[in-house]
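J.: Make a model of this:
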Amino acid sequence: MKNNFLFFLVCILSLSISMDITAQGEKSKLNIIVIGAHPDDADNKFGGTAALFAEMGHNVKFVSVTNGDAGHYNKGGGHLAKIRRAEAEEAAKILGVKEYTVLDNHDGELLPTLDVRHQIIREIRNWNADVVLSPRPADYHPDHRYTGILVQDAAYLVIVPNVTPDTPPLEKNPVFLYLEDRFQKPYPFQPDIVVDITSTFDKKIEALSAHESQMFEWLPWTSNGLEKVPAGNDERQKFMSANWSGSITSDEREALKKWYGDKKGENINYAESFEICEYGKQPSKEEILQLFPMLK
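T.: Residues are numbered from 1 along each chain as shown. Coordinates of the predicted model:
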């Protein structure tokens, strides 16, 4: 009887220690949420960095504020929305993104309404976000602009209990960051944080290619280049690499040297850049290194 009690006690203690270790491990994981206007926006601006976070064991979530039901030349409505949701789910698997949520707001009709603001606040709170990324509210596409405004409007309210009271508020305000763009007015994008994605660039290209209705149909059609899209998978990957590799600006190059050192920073081929939003937590350099551990 005594031996049975001791065995039971040892089992309880072992389970308690195991649960405590698991809890500590979960606490050390970062929760990153990227909020784009359309399915593929987050992949385009954050795919390489998302893959790095995932490889390091952190939790990444992508959100599309619209369902993408207007972005095509001969498909549309619920049929297109279903296609784009499936493409987003496939891209998430490739990148290691844990969740890819597509909200049911119409593409091309997004407005910064109170209802959609509540949706954004719930997404950020439910993910217990440490870092939130979104477009700047300066963009050619109204959906992109209003997504930026909606996330800005949520930047303080995510910690306010009486706002969106059906979802518990965050205990601390996350760091809010803007995704890179090349628009110059009212001021150019500022690359405060620049991440080397050379090791995950191919994975990013593969994930973008999963958005077949966009990358090989809609976007080439809008630029009168549909006939240039190759048919074979290998050729399409090369096509994507050539057209979506991006270029590193002089400001980004200087930022890469700051974070990675002169020698490595000078030779990085592919990068993704982010600007710190004034409305969330203002991180120190040490805090940025904690939030972006691949910079160490």
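J.: Please enumerate the strands of the stretch 151-296 of the chain.
T.: 175-179, 193-196, 271-276 (DSSP state E, counting those that start in this stretch).
J.: Tell me how far the closest residue to Met56 other than its chain neighbours lies from Ala92.
T.: Excluding the flanking residues, the one nearest Met56 by CB to CB, 6 or more residues apart in numbering is Pro293, at 6.3 Å. Every residue, glycine included, has its C-beta placed from N, CA and C. According to CB to CB, to the nearest Å, Pro293 and Ala92 sit 21 Å apart.
J.: just the helices in the stretch 151-296 of the chain please.
T.: 201-210, 212-213, 219-222, 233-244, 250-260, 262-267, 285-291 (DSSP state H, counting those that start in this stretch).
J.: Mind listing residues that contact the last one?
T.: Identification of contacts with helix 285-291 by CB atoms under 8 Å, 6 or more residues apart in numbering yields 30, 130-131, 175, 193, 283, 295-296.
J.: Using PDB, write out the CA atom coordinates for it.
T.: Extracted in PDB, the C-alpha atoms of helix 285-291 (Å, rounded to 0.1, in the frame of the first residue of the first chain):
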ATOM      1  CA  LYS A 285      17.000  47.800 -29.500                       C
ATOM      2  CA  GLU A 286      17.200  45.100 -26.900                       C
ATOM      3  CA  GLU A 287      13.400  44.400 -27.100                       C
ATOM      4  CA  ILE A 288      13.600  44.300 -30.900                       C
ATOM      5  CA  LEU A 289      16.300  41.600 -30.600                       C
ATOM      6  CA  GLN A 290      13.900  39.700 -28.300                       C
ATOM      7  CA  LEU A 291      11.000  40.000 -30.700                       C
END
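J.: What's the mean pLDDT across stretch 104-111?
T.: For stretch 104-111, mean pLDDT rounds to 98.
J.: buried stuff in that stretch?
T.: Of the residues in stretch 104-111, 105, 107, 110 count as buried by neighbour count, 16 or more other CB atoms under 10 Å.
J.: Just put the residues you listed in a markdown table and tack on distance to Gly232.
T.: Formatted as a markdown table, those follow (distance: CB to CB, whole Å):
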| residue | distance to Gly232 |
| --- | --- |
| Asn105 | 36 |
| Asp107 | 30 |
| Leu110 | 36 |
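J.: Name the nearest of those relative to Val229.
T.: Among those, Asp107 lies closest to Val229 (CB to CB), at 21.7 Å.
J.: got a list of what the closest one touches?
T.: When contacts are counted by CB under 8 Å, 6+ apart, Asp107 touches 38, 66-71, 143.
J.: Mark which of those are part of strands, please.
T.: If you go by DSSP state E, those have nothing in strands.
J.: got a winner among those residues for most neighbours?
T.: Most neighbours among the contacts of Asp107, by other CB atoms under 10 Å: Gly68, with 30 neighbours.
J.: Name the SS class of the nearest residue to that one once chain neighbours are set aside, please.
T.: Nearest residue to Gly68 in three dimensions, chain neighbours excluded: Arg84, at 3.9 Å (CB to CB, 6+ apart). Three-state call for Arg84 (DSSP: H, G, I helix; E, B strand; the rest coil): helix.
J.: Run through the residues that contact Arg84.
T.: Contacts of Arg84 (CB under 8 Å, 6+ apart): 38-40, 67-69, 71, 102, 211, 213-214.
J.: Check those residues against Val158 and report the nearest one.
T.: Val102 (20.9 Å).
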